[in-house]
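1. What follows is a predicted structure for the sequence shown.
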Amino acid sequence: MELATKMSDHLREASERKANGAHYTPHSLAKYVAKQIARVLDEPAGRVIRVLDPACGDGALLVAMLDELRERRHEDVELTGYDTSQDAIQVAIDRLASVESDHRVVLRNSDFLESLDIAAKDQGGLFSCPSRTQELHDVVIANPPYVRTQVLGAKQSREMAQRYELIGRVDLYQAFVYAIAESLNPGGVAGLIIPNRFMTTRSGASTRKKILEMFSIERIVDFGDTRMFKAAVLPSVLILKRIQSVLTANYSTPFTSIYSARNNDEPAIMVGSIIEAIEHEGLVSTSNGVVYDVRQGVLGRDNSKDSVWRLVDNRSNRFLELVAANTGNKIGDIGPIRVGVKSTADKVFIRDDWDELGVDSLPEVLRPLVTHKLAQRFRAIEPSCQTKILYPHEVRDGKRVAIEIEQMPKAAKYLEPWKGLLESRKYVREARRHWYEIWVPHDPDG
């Protein structure tokens, strides 16, 4: 798989970060995910249970899953793990070897996405119906690597977005979610640890849609700002059951969230750990002295294709009812909502002292800039003429394009001293954009 081969260095980098402690799954979280999977798994004792971890790291999740299955009298277990770090694979081998069991283990020092794609080439593609010879599993337990667009690079991100039908700013874990679905038997169960941002962002819309198409969502836990990992990621746990038809999906999904309490003056329940805390509701204090606000509800979403996922409980319902009762108009009722610009070089494009350049040197493509500082309550925004943005974009044949720099000689003269800085934006070059473009422009006709 060309894409996976090109991404292997990034996967290796992610694995190395895990080896340094940044993303390894804590024992308590690994044990929790394994327990939640086992509760949903509907397999009789005595049948072989095939378990997969597509980014196994040091083997913590595989060990936790094996322990949980053995507690439930599943003795015939096959474990398969992939990782691009040979050092991590060796740690996993040693950990699994120390478990007294007759389980069978296959750990591969390779790229899971590449391996899956090679197997799928003779079967009509990744999302085709699997053949009888394709290797399927009863359980997938995974903490896939988190590699953002900025790390992957524009070219690799475009290829991944096309292959997995992703939109917006993509992340490697999204590709793993889709590939994991195709590695499960119907009725198989997946326990995934992935960033919670996918539930509310535009770039996560395609992932939300695919999950609803491929799985029944059995449980969601948003671990919020609990710092379960040393890495700067807000994790969530999804327990999913593979379905054959979207009509069989479960939409009454238990949803738990835990975030640091803003107001902790009220008495809090004392517990030993964050994992214990999520079994309660309200203010909970853990042994580290932090007070958390734990909420128990169900997954809420509307029928739109980009619908965000949110926790719905009595508290949120009361709040929404209060807001609705005191709302005169929504912003969308007043006017269209548009994404703002992102220049990634504000000191070049945005100024409030353009007049100091002199009338003869003012760039031809200056536009007034509306910022949050101009927002006013109950009144229409009156844009200040002081702050303006050099805006080298136009609409041509119904498409937003960059203005040819030759058409704006004054702007070209102004931008020339900044060319080195603007060309250093590697992501602009990789996206095959002109060096003088704004990275995220608004629709000029919007």
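-> Cool, got the structure.
2. hey, let's count contacts and neighbours off CA atoms from now on
-> Will do.
3. Check the protein and tell me which residue is nearest its centre.
-> The geometric centre of the chain, computed from its C-alpha atoms, lies nearest to Phe198 (CA atoms, centre = their mean), at 4.2 Å.
4. Helix, strand, or coil at it?
-> helix (DSSP: H, G, I helix; E, B strand; the rest coil).
5. likewise Ala324?
-> Applying three-state DSSP: Ala324 is helix.
6. Could I get the pLDDT score of it?
-> The score at Ala324 is 85. That number is its pLDDT.
7. cool, and Ser304?
-> 73.
8. and the gap between the residue nearest to the centre of the chain and Gln296?
-> 20 Å (CA to CA, to the nearest Å).
9. Strands of the stretch 251-400 of the chain, start to end?
-> 254-260, 269-270, 282-285, 291-300, 310-312, 350-351, 366-368, 388-390, 393-396, 399-402 (DSSP state E, counting those that start in this stretch).
10. okay if I get the ones you listed as JSON lines plus mean pLDDT, distance to Ser343 and mean neighbour count?
-> Output for the strands of the stretch 251-400 of the chain, formatted as JSON lines (pLDDT from 0 to 100; distance: least, CA to CA, whole Å; neighbours: other CA atoms under 10 Å):
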{"stretch": "strand 254-260", "mean pLDDT": "95", "distance to Ser343": "33", "mean neighbour count": "20"}
{"stretch": "strand 269-270", "mean pLDDT": "91", "distance to Ser343": "47", "mean neighbour count": "15"}
{"stretch": "strand 282-285", "mean pLDDT": "92", "distance to Ser343": "42", "mean neighbour count": "22"}
{"stretch": "strand 291-300", "mean pLDDT": "94", "distance to Ser343": "35", "mean neighbour count": "21"}
{"stretch": "strand 310-312", "mean pLDDT": "93", "distance to Ser343": "31", "mean neighbour count": "18"}
{"stretch": "strand 350-351", "mean pLDDT": "93", "distance to Ser343": "8", "mean neighbour count": "17"}
{"stretch": "strand 366-368", "mean pLDDT": "89", "distance to Ser343": "14", "mean neighbour count": "16"}
{"stretch": "strand 388-390", "mean pLDDT": "92", "distance to Ser343": "9", "mean neighbour count": "22"}
{"stretch": "strand 393-396", "mean pLDDT": "90", "distance to Ser343": "12", "mean neighbour count": "15"}
{"stretch": "strand 399-402", "mean pLDDT": "88", "distance to Ser343": "13", "mean neighbour count": "15"}
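11. Phi, psi for the residue lying closest to the residue nearest to the centre of the chain once chain neighbours are set aside please.
-> The spatially closest residue to Phe198, leaving aside those adjacent along the chain, is Gly204, at 4.1 Å (CA to CA, 6 or more residues apart in numbering). Main-chain torsions, Gly204, degrees, to the nearest 10: phi -90, psi 0.
12. what's around Gly204, how many residues?
-> Burial measure for Gly204: 24 neighbouring residues, criterion other CA atoms under 10 Å.
13. my read: it touches Arg197, true?
-> Yes: using CA atoms under 8 Å, Gly204 is in contact with Arg197, at 7.3 Å.
14. still on that earlier bit, would you mind giving the strands of the stretch 251-400 of the chain as TSV with distance to Asp53 added?
-> Below are the strands of the stretch 251-400 of the chain laid out as TSV (distance: least, CA to CA, whole Å):
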stretch	distance to Asp53
strand 254-260	24
strand 269-270	34
strand 282-285	32
strand 291-300	26
strand 310-312	28
strand 350-351	48
strand 366-368	52
strand 388-390	49
strand 393-396	46
strand 399-402	43
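15. Quick check: which of those strands is nearest to Gln174?
-> Closest approach to Gln174 among those is made by strand 310-312 (19.0 Å; CA to CA).
16. So what are the sheet partners of that closest one and their directions?
-> Partners of strand 310-312 in the sheet, by DSSP bridges, are strand 291-300 (antiparallel).
17. Can you name the residues in contact with the partner strand?
-> 220, 251-261, 264, 268, 277-278, 280-286, 309-313 (CA atoms under 8 Å, 6 or more residues apart in numbering).
18. rerun that using 6 Å as the cut-off
-> With contacts defined as CA atoms under 6 Å, 6 or more residues apart in numbering, strand 291-300 is touched by 253-261, 281-285, 309-313.
19. what stretches of the stretch 101-250 of the chain score poorly on pLDDT?
-> For the stretch 101-250 of the chain, applying pLDDT under 70 flags the ranges 116-134, 147-157, 159-162, 164-169, 230-232, 245-250.
20. one more time with 80, if that's ok
-> For the stretch 101-250 of the chain, the stretches with pLDDT under 80 are 101-102, 115-135, 146-171, 229-233, 244-250.
21. Do a quick rundown of the helices in it.
-> Here the stretch 101-250 of the chain has its helices, by DSSP state H, counting those that start in this stretch, at 112-120, 149-152, 154-164, 172-181, 205-214.
22. So which of the strands of the stretch 251-400 of the chain is nearest Val140?
-> Across the strands of the stretch 251-400 of the chain, Val140 has its closest neighbour in strand 254-260 (20.2 Å, CA to CA).
23. now for that closest one, which elements pack on it?
-> Here strand 254-260 touches strand 215-222, strand 291-300, going by 3 or more CA pairs under 6 Å, 6 or more residues apart in numbering; DSSP states H and E.
24. got TSV for those strands, with distance to Val91 too?
-> Below are the helices and strands packed on strand 254-260 laid out as TSV (distance: least, CA to CA, whole Å):
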stretch	distance to Val91
strand 215-222	29
strand 291-300	34
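25. Contacts only, for Ala261.
-> 291-293 are the contacts of Ala261 under CA under 6 Å, 6+ apart.
26. For Gly57, state which of these is nearest.
-> Out of the contacts of Ala261, the member with the shortest distance to Gly57 (by CA to CA) is Tyr292, at 29.7 Å.
27. Glu404: neighbour count?
-> Around Glu404 there are 14 residues (other CA under 10 Å).
28. got the contact list for stretch 277-285?
-> With CA under 6 Å, 6+ apart, stretch 277-285 has contacts from 268-270, 291-295.
29. Over to it now: how far is its first residue from its last?
-> 8 Å.
30. quick one: that stretch to chain centroid distance?
-> 26 Å (CA atoms, centre = their mean, to the nearest Å).
31. confidence score at Asp265?
-> At Asp265, pLDDT is 72.
32. now it: how far from Leu283?
-> Computed as CA to CA, the Asp265 to Leu283 distance reads 10 Å.
33. With Val63 instead?
-> Taking CA to CA as the measure, Val63 falls 32 Å from Leu283.
34. now Val271
-> 11 Å.
35. Asp265: neighbouring residues, count only.
-> 9.
36. picking that back up, out of the strands of the stretch 251-400 of the chain, nearest to Ser28?
-> So among these, strand 254-260 is nearest, using CA to CA, at 15.8 Å.
37. contacting residues around that closest one?
-> Identification of contacts with strand 254-260 by CA under 6 Å, 6+ apart yields 219-225, 292-299.
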